[in-house]
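J.: using only what follows, build the 3D model:
(one chain, ligands or ions: 1)
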Amino acid sequence: MTVDLSIHYHCQDCRINSRLLQRRASALLRECRVADHGLSILLVDDQEISWLNDHYRHKSGPTNVLSFPFGGGADSSLSLLPIRELGDIIISVDTALRESKEFKQPLHDRLTWLITHGLLHLLGYDHELSEADAIAMQDKEQQLLTRLLSSRSIAMTHLAINVDHIATIRQARGGVQPDPVAAAAICEMAGAAGIVVHLREDRRHIIDRDVRLLRETVKTKLNLEMGANKEIIAIALDLKPDMVTLVPEKRQELTTEGGLDVASQKKMLAKTIDKMRKAGIPVSLFVDPDTRQVKAAHEIGATFVEIHTGRYCNAADAKAREQEFQTIATMAEEAYQAGLRVYAGHGLDYQTTARIAALDTIEELSIGHAIIARAAFTGLDQAVRDMLAILREADRIN
Ligand code: PXP
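T.: Predicted coordinates for the structure are as follows:
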């Protein structure tokens, strides 16, 4: 996918963030399922767009955006070329600036709207044909912009922190310290976007009291990780966390070892998802980076998948790690294209996180052990901030 953005515009009073616009345009191509096409965007002034408006549309004066589909001109044989190009979108920054003042909208949001509008024209939408066409185009614009706002193209990767290991230390002495509820508050104050806890059947670390209190105190997002068993499902339905992540659970394992085998448990998992949906709780399925599992998760109505990063983190050498990384990148793209929201986690540390965090399709990372381990030496606040710095830096890689 290539978005070619050129700026033919000189402005004293404004700065145009071409990287931001390019990322938003790439995300729009992905949303419109045309990520394998190229798109050219040209930002000009009123004078230049007036000339184009006059020359190609015989209309006088400036306009906000013009779209020229590839091969849509007089030489129609161009459209027969085996080239995946959508065409050109030309935007007048002068007009966008006036409109951003009129609609009280930040300039880059206005420019994003104009790119969306121009792109839909290139894809065949035309609001000038009829009222029904105008409504269809407006609805699509709205839908795309809503998706864009919640996507990674707008925000850096979120960091959700798993505080189970704080509870593990507490349980080692059977007392009340350290308290995972206090840990969650420190993580949030340091900038975490969510808290994850795994309420296991055997209550080896997180206990019911923790989840109850966290439900009351977590201000960002409480993600309850759980096996799909009757007792824990009832607790989730009662406490209503912000979301649940279904994981396979074996009593003997030290930590969750593999992803859920969604493909062979579709019926049972679909039932659990349905119960959660009725209670307003979105469900994530923790899956290995495997196309069968991602497809199955989509088929049974999961909102999210969390892609297991364990094999990537534990790879024996650089070659194997590269292979695992490519598999994760491909699966994340596939899940995203299917309409799933994509998280990732397990085993990520201060060395392995950056590349995963730089993937545009992954919205959030769930990290526990590495942060809690570092916290023993640096304090929890610093350990969270160190990880956030990696995520922030990874955001610049894109
Ligand atoms: N995601 C899931 C589904 C997990 O089970 C765990 C481990 O509790 C994590 C993420 C975090 O893994 P780690 O503690 O290795 O960072």
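J.: give me the pLDDT for the closest residue to Ile372 other than its chain neighbours.
T.: Distances taken as CB to CB, 6 or more residues apart in numbering put His165 closest to Ile372, at 4.0 Å, once the chain neighbours are dropped. C-beta here means a position set from N, CA and C on the backbone, and glycine is covered the same way. Model confidence at His165, expressed as pLDDT, equals 97.
J.: His165: which element?
T.: Element membership of His165 [criterion: DSSP states H and E] is helix 164-173.
J.: and the residue in the stretch 51-200 of the chain that the ligand sits nearest to, its phi and psi?
T.: Of all residues in the stretch 51-200 of the chain, Asn162 sits closest to the ligand, at 4.5 Å by CB to the nearest ligand atom. Backbone torsions of Asn162, given as degrees, to the nearest 10, read phi -90, psi 120.
J.: residues in contact with it?
T.: Contacts here follow CB atoms under 8 Å, 6 or more residues apart in numbering; on that basis Asn162 touches 195-198, 225, 345, 366-369.
J.: what about the ligand: which of these touch it?
T.: 198, 225, 345, 366-369 (CB under 6 Å from any ligand atom).
J.: quick one: buried residues of the helix or strand of the chain with the lowest mean pLDDT?
T.: Each helix and strand of the chain was given a mean pLDDT (mean pLDDT, DSSP states H and E); the minimum falls on helix 18-31 at a mean of 86. For helix 18-31, the neighbour count (16 or more other CB atoms under 10 Å) marks 21-31 as buried.
J.: helix or strand right after that helix?
T.: strand 38-44.
J.: what about stretch 143-159, average pLDDT?
T.: On average, stretch 143-159 scores 80.
J.: tell me how far the ends of it are from each other?
T.: Terminal residues of stretch 143-159 lie 26 Å apart, using CA to CA, to the nearest Å.
J.: run through who's touching that stretch.
T.: For stretch 143-159, contacts defined as CB under 8 Å, 6+ apart pick out 23-24, 26-28, 31-32, 112-113, 116, 120, 191-194, 357, 360-365, 367, 384, 387-388, 391-392, 394-395.
J.: now, of those, which are buried?
T.: Neighbour counting by 16+ other CB under 10 Å classes 23-24, 26-28, 31-32, 112-113, 116, 120, 191-194, 357, 360-365, 367, 384, 387-388, 391, 394-395 among those as buried.
J.: was I right about Leu388 contacting Ala193?
T.: No. Contact criterion CB atoms under 8 Å: Leu388 and Ala193 do not qualify, at 9.4 Å.
J.: so which bits of the stretch 201-350 of the chain are right by the ligand?
T.: Those residues of the stretch 201-350 of the chain that sit near the ligand, judged by CB under 6 Å from any ligand atom, are 225, 245, 247, 255-256, 286, 306, 345-348.
J.: dump the residues you listed to CSV, plus pLDDT.
T.: Output for these, formatted as CSV (pLDDT from 0 to 100):
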residue, pLDDT
Glu225, 98
Thr245, 98
Val247, 97
Thr255, 68
Thr256, 66
Phe286, 98
Glu306, 98
Gly345, 98
His346, 97
Gly347, 97
Leu348, 98
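J.: which of those residues lies closest to Ala132?
T.: Closest approach between those and Ala132, by CB to CB: Glu306, at 40.4 Å.
J.: count of neighbours near the nearest residue in space to that closest one that is not next to it in sequence?
T.: Of all residues not flanking Glu306 in the chain, Tyr343 sits nearest, at 4.2 Å (CB to CB, 6+ apart). Using other CB atoms under 10 Å, Tyr343 has 26 other residues around it.
J.: ditto for Gln326
T.: Other residues close to Gln326 by other CB under 10 Å number 12.
J.: just how off-centre is the host helix or strand of Thr146 within its chain?
T.: Using DSSP H and E, Thr146 sits within helix 131-149. Remark: helix 131-149 is offset 20 Å from the chain centroid, using CA atoms, centre = their mean, to the nearest Å.
J.: what are the buried residues along that helix?
T.: 136-137, 140-141, 144-145, 148.
J.: what of stretch 226-242?
T.: 226-228, 232-233, 236, 239, 241-242.
J.: give me the distance between the two termini of it.
T.: For stretch 226-242, the separation between the terminal residues is 13 Å (CA to CA).
J.: okay, Ser77: pLDDT?
T.: On pLDDT, Ser77 comes in at 66.
J.: likewise Ile83?
T.: Value listed for Ile83 in the pLDDT field: 69.
J.: related to what we said a few turns ago, TSV for the buried residues of helix 18-31, including distance to Ala96?
T.: Below are the buried residues of helix 18-31 laid out as TSV (distance: CB to CB, whole Å):
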residue	distance to Ala96
Leu21	11
Gln22	16
Arg23	18
Arg24	14
Ala25	15
Ser26	20
Ala27	19
Leu28	16
Leu29	20
Arg30	23
Glu31	21
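J.: thinking again about what came up before, of the buried residues of helix 131-149, which are in range of the ligand?
T.: When contact is defined as CB under 6 Å from any ligand atom, the buried residues of helix 131-149 do not meet the ligand at all.
J.: could you list the domains of this structure?
T.: 3-149, 158-378 (automatic domain parsing).
J.: so which of those domains has the densest surroundings on average?
T.: domain 158-378 (a mean of 19; mean count of other CB atoms under 10 Å).
J.: and that domain, how far out from the chain middle?
T.: Relative to its chain's centre, domain 158-378 lies at 15 Å (CA atoms, centre = their mean).
J.: repeat for stretch 84-100
T.: Counting by CA atoms, centre = their mean, stretch 84-100 is centred 26 Å from the centre of its parent chain.
J.: torsion angles phi and psi at Asp4?
T.: Dihedral angles of Asp4 (phi, psi; degrees, to the nearest 10) stand at phi -100, psi 110.
J.: contacts only, for it.
T.: 38-41.
J.: distance of it from the ligand?
T.: 38 Å (CB to the nearest ligand atom, to the nearest Å).
J.: and that residue, what pLDDT?
T.: Looking at Asp4, its pLDDT reads 92.
J.: repeat for the one 10 residues further on
T.: According to the predicted model, the pLDDT of Cys14 comes to 74.
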